[in-house]
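Asker: Sequence and predicted structure, then a few things I'm wondering about:
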Amino acid sequence: MTDTVLPVSHLTRGPSSPEVITCWPSHQLQGITTYLDLETSKIPKPFFSSQLQNSKERYLLHHYDQIVAPNMAWADCQENPWRYIIIPLALESPPLLNAILAFAAKHINAVSFSASRESTLVMPVSSPDSFQQRAMNLLAREIQKFTTEKSSCASVDMHKYVIRNRSNAILATMLVLCNVETVWPGQFLLSFNRLTISLNTGIDSPIWQVHLSAARTVIASSEDTLPIKTPEDSTSIFLEQELFIANTFASTTNFLNFGLDEEFRFNTAVSKSSSIFIEFLKLLQVVTSLERQASTHPAVLADSGISPSGLRKLFEHARSRTLEMGKEFQVSGSHEYLHLSRTVNCFYHAGLIYSYRALWKYEPLARETSTEKDAQIMTFKFELFRALGFAETNKPTFAQDLVWPLFIAGTEATQRGEQEMVIAKLQQAMSETGFSNCQHAVEFLNALWQRWDCDKVQENELDWISFAREWTGQGKTFLVF
């Protein structure tokens, strides 16, 4: 099957074009089309231009808008950027449009086979990889074309807004494709000329790392060649922060190919955040960076001047600031804000546990100090499990927020009951969201717990970060995100 490059204005496929969505019976398709006509009237008009007359593509875009986008945001506020930034940008960018159609198609297939879903309107989609492959092909061509035009005299004739907009579309496509690979790990399709290879690995697809690395390269190059963004440039700010978040979470569980020289740094000069939890992520980045340095040069930690009490104050500030930002983001309803408060507490305690485990394993501590550290971790653990006990993983719009705190809880789960709770909540989150992003985190935790059982016999228990280094060294990379 050849890949035909079509502009956005010609997305409706003709008789000779490849059919990538299941051909439903006419009565079912008519019902879905009627449903879409009613539902899409609720979406802002710019989202459905005359370019998307194909009812099947409208079906996918509607699913992305109504189901996928809310699951991508920390809180589905009135101005969810995964909807109000990404969709308009996609209507101007064929690679990005195909990427979000691929995301929607794969998500539809996931939820259509889920026992917890009973909606007859969620119809399976055949060959969702076709959208993904097309997005990657179009992206490669757009990058080549954009790079050539920027380096030639043609860039003189390009308006600064056009340059920034095209760069944003490229970055957004990479981030969406990275999320696709993360959400359904271990399954991907590659095409080279006419050879198609379908891989189903026992570890995460390495393609998410490729997309993440490429996105960091885009940011690095844009700082030198693109017009300076302003505080009002909400699209650029949102995309850079999403890249920062993905990179920070990835660095907490992967210990190869995340060198400090290549680490994406968040621009603290940005005036307004587009992510409620960005304050916690800033701290996690600092802690992870120190851990990487201390693993080879332990003196770095002492020279940093950071202390347990100072770290707790920083996390207290992050908790307060995050709750304030929840109000700024117009998190509506007392129930939604209650969930936000519980999630903030989960991140607070999980962040402190991660920081204590990451930093103070390298610095020699006096017996009294070591005992105090262990007591504080036990307190953080108790509060984390208490907060997670109230947290709701049985609602799609809430479940995705708790994945990383649940993972950290798993690294502290020494009792069978604690382990069962963590696994149950991770599996429930995956069932509700239709995402399989916790799959390899569950595999890692089970392997860690088995290792602990062996170490108890040998009286030599290994900490989870050291075990993760071994895991990564075996090529078993994963992203808890």
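Answerer: Received the coordinates, thanks.

Asker: Tell me which other helices or strands the helix or strand that Arg321 is a member of touches.
Answerer: Taking DSSP states H and E as the definition, Arg321 sits inside helix 308-328. Packing partners of helix 308-328 (3 or more CB pairs under 8 Å, 6 or more residues apart in numbering; DSSP states H and E): helix 278-296, helix 334-359. Bear in mind the C-beta positions are built from the backbone N, C-alpha and C, glycine included.

Asker: Give me the next element, helix or strand, following the first one.
Answerer: On the C-terminal side of helix 278-296, the closest following helix or strand by DSSP H and E is helix 299-304.

Asker: What residues of that next one count as buried?
Answerer: Neighbour-count burial for helix 299-304, with 16 or more other CB atoms under 10 Å as criterion, is recorded at Val300, Leu301.

Asker: What of stretch 214-222?
Answerer: Going by 16+ other CB under 10 Å, stretch 214-222 has these buried residues: Ala214, Ala215, Arg216, Val218, Ile219, Ser222.

Asker: Adding mean neighbour count, write the helices and strands packed on helix 308-328 out as CSV.
Answerer: Formatted as CSV, these follow (neighbours: other CB atoms under 10 Å):
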stretch, mean neighbour count
helix 278-296, 19
helix 334-359, 21
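
Asker: Can you add distance to Glu79 and mean pLDDT and give the ones you listed back as JSON lines?
Answerer: Formatted as JSON lines, the helices and strands packed on helix 308-328 follow (distance: least, CB to CB, whole Å; pLDDT from 0 to 100):
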{"stretch": "helix 278-296", "distance to Glu79": "16", "mean pLDDT": "90"}
{"stretch": "helix 334-359", "distance to Glu79": "15", "mean pLDDT": "89"}
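
Asker: which element follows the lowest-mean-pLDDT helix or strand in the chain toward the C-terminus?
Answerer: None of the helices or strands of the chain scores lower by mean pLDDT, DSSP states H and E than strand 195-200, at a mean of 36. For strand 195-200, the following helix or strand on the C-terminal side (DSSP H and E) is helix 207-225.

Asker: now for that next one, which elements pack on it?
Answerer: helix 160-183, helix 234-253.

Asker: Which secondary structure element is home to Trp449?
Answerer: Short version, using DSSP H and E: Trp449 is in helix 439-458.

Asker: Only the buried residues of that helix, if you could.
Answerer: Gln439, His440, Ala441, Val442, Glu443, Phe444, Leu445, Leu448, Trp449, Arg451, Trp452.

Asker: The third one contacts Phe481, doesn't it?
Answerer: This means Ala441. No - between Ala441 and Phe481 there is no contact under CB atoms under 8 Å: 9.5 Å.

Asker: Need the residues touching each of the two.
Answerer: Val403 (CB atoms under 8 Å, 6 or more residues apart in numbering).

Asker: Show me the shaky parts of the stretch 201-350 of the chain.
Answerer: Within the stretch 201-350 of the chain, the stretches with pLDDT under 70 are 201-205, 223-232, 256-274, 328-335.

Asker: Nearest to Arg58 among the buried residues of helix 439-458?
Answerer: Gln439 (30.7 Å; CB to CB).

Asker: thinking the closest one is in contact with Ala429, fair?
Answerer: No - in this structure Gln439 lies outside contact range of Ala429 using CB under 8 Å: 11.2 Å.

Asker: so Asn345 touches Glu383, yeah?
Answerer: Yes - with contact defined as CB under 8 Å, Asn345 counts as touching Glu383 (7.3 Å).

Asker: related to what we said a few turns ago, could I get the helices and strands packed on helix 308-328 in CSV, plus columns for distance to Val125?
Answerer: Formatted as CSV, these follow (distance: least, CB to CB, whole Å):
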stretch, distance to Val125
helix 278-296, 33
helix 334-359, 31
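
Asker: Looking at the ones you listed, spot the one closest to Gln78.
Answerer: helix 334-359 (11.9 Å).

Asker: The closest one relative to helix 308-328, how many degrees between them?
Answerer: 150 degrees (axes from the mean of the first three to the mean of the last three CA atoms, to 10 degrees).

Asker: returning to what we had before: just send the helices and strands packed on helix 207-225 back as a markdown table, with distance to Gln293 too.
Answerer: As requested, the helices and strands packed on helix 207-225 are exported to a markdown table (distance: least, CB to CB, whole Å):
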| stretch | distance to Gln293 |
| --- | --- |
| helix 160-183 | 26 |
| helix 234-253 | 13 |
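
Asker: Reformat the ones you listed as a markdown table; add mean neighbour count.
Answerer: Shown next, in a markdown table, are those (neighbours: other CB under 10 Å):
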| stretch | mean neighbour count |
| --- | --- |
| helix 160-183 | 22 |
| helix 234-253 | 22 |
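
Asker: Out of the ones you listed, the one nearest Trp464 is which?
Answerer: helix 234-253 (9.7 Å).

Asker: Show me what the closest one packs onto, helices and strands only.
Answerer: Using 3+ CB pairs under 8 Å, 6+ apart, helix 234-253 sits against helix 160-183, helix 207-225, helix 278-296, helix 403-412.

Asker: tell me the domain boundaries of the protein?
Answerer: Listed by automatic domain parsing, the domain ranges of the chain are 8-225, 274-473.

Asker: Going by mean pLDDT, which of these comes out lowest?
Answerer: Ranked by mean pLDDT, these bottom out at domain 8-225, with a mean of 70.

Asker: I'd like the distance between Glu316 and Gln293.
Answerer: For Glu316, the distance to Gln293 equals 25 Å [CB to CB, to the nearest Å].

Asker: again with Thr414
Answerer: Distance of Thr414 to Gln293, computed by CB to CB: 29 Å.

Asker: One more: Lys313?
Answerer: 22 Å.

Asker: Tell me how many other residues crowd Ile207.
Answerer: 20 (other CB atoms under 10 Å).

Asker: re earlier: can I get the helices and strands packed on helix 234-253 in CSV with distance to Ser466?
Answerer: Below are these laid out as CSV (distance: least, CB to CB, whole Å):
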stretch, distance to Ser466
helix 160-183, 24
helix 207-225, 22
helix 278-296, 10
helix 403-412, 11
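
Asker: Which of these sits closest to Ile423?
Answerer: Once those are compared by CB to CB, helix 403-412 is nearest, at 7.8 Å.

Asker: so what does that closest one touch, helix or strand wise?
Answerer: Secondary-structure packing of helix 403-412 (3+ CB pairs under 8 Å, 6+ apart): helix 234-253, helix 334-359, helix 367-390, helix 416-433, helix 439-458.

Asker: who wins for proximity to Thr147 among these?
Answerer: Between Thr147 and the helices and strands packed on helix 403-412, the tightest spacing by CB to CB is seen for helix 234-253, at 18.4 Å.

Asker: from memory Val125 sits against Ala105, does it?
Answerer: Yes - assessed by CB under 8 Å, Val125 is found in contact with Ala105 at 4.2 Å.

Asker: These two - which one has more neighbours?
Answerer: Looking at Val125 and Ala105 with other CB under 10 Å, you find the greater number of neighbours at Ala105, namely 27 against 24.

Asker: Would you check how far apart that one and Ala172 are?
Answerer: Ala105 sits 18 Å away from Ala172 when distances are taken as CB to CB.

Asker: same thing with Ala214?
Answerer: From Ala214 across to Ala172, the span is 12 Å (CB to CB).
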